[in-house]
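In: Provided below for reference: sequence and predicted model.
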Amino acid sequence: MNPSSLSPDEVALERFRSGEWYCDTKTGTIYRKVTGALVDGYRIIGASRRDGTRKKAGVMVHRAVWIAANNRLPPAGMQIDHLDGN
């Protein structure tokens, strides 16, 4: 698959599977392997695509946590709620 055509969810899945990111699914905190904590809450993680174009994918943290916990992409159209129900 062309890396520049990856969706933000696919970029997140790639990062978790490669070990570059890891997630504490109980707290919803996502960490970058090298530098420590990324972000938490309702934020967006910026991830550069690996195709040399320097394009970024904005991955919503709550979706990235779901991807980490399930090691797969969410089904099309699935709405992922936050722990607080929002």
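Out: In hand now; what should we look at?
In: neighbours around D24, how many?
Out: 13 (other CB atoms under 10 Å). For glycine as for every other residue, the C-beta is placed from the backbone atoms N, C-alpha and C.
In: How about the secondary structure of the nearest residue to it once chain neighbours are set aside?
Out: Distances taken as CB to CB, 6 or more residues apart in numbering place Y31 nearest to D24, at 7.5 Å, with adjacent residues excluded. Three-state call for Y31 (DSSP: H, G, I helix; E, B strand; the rest coil): strand.
In: what's across from Y31 in the sheet?
Out: Assessed by DSSP bridges, Y31 has beta-bridge partners Y22, A37.
In: right, and V59 touches P8 too?
Out: Yes - counting by CB atoms under 8 Å, P8 is a contact partner of V59 at 4.4 Å.
In: so what sits against both of those two?
Out: Common neighbours of V59 and P8, counting by CB atoms under 8 Å, 6 or more residues apart in numbering, are A47.
In: okay, the two: which has more neighbours?
Out: Higher neighbour count among V59 and P8: V59, with 26 against 20, using other CB under 10 Å.
In: that's a helix at the more buried one, yeah?
Out: No - counting by three-state DSSP, V59 is not found in a helix; it is strand.
In: distance of G19 from M78?
Out: 25 Å (CB to CB, to the nearest Å).
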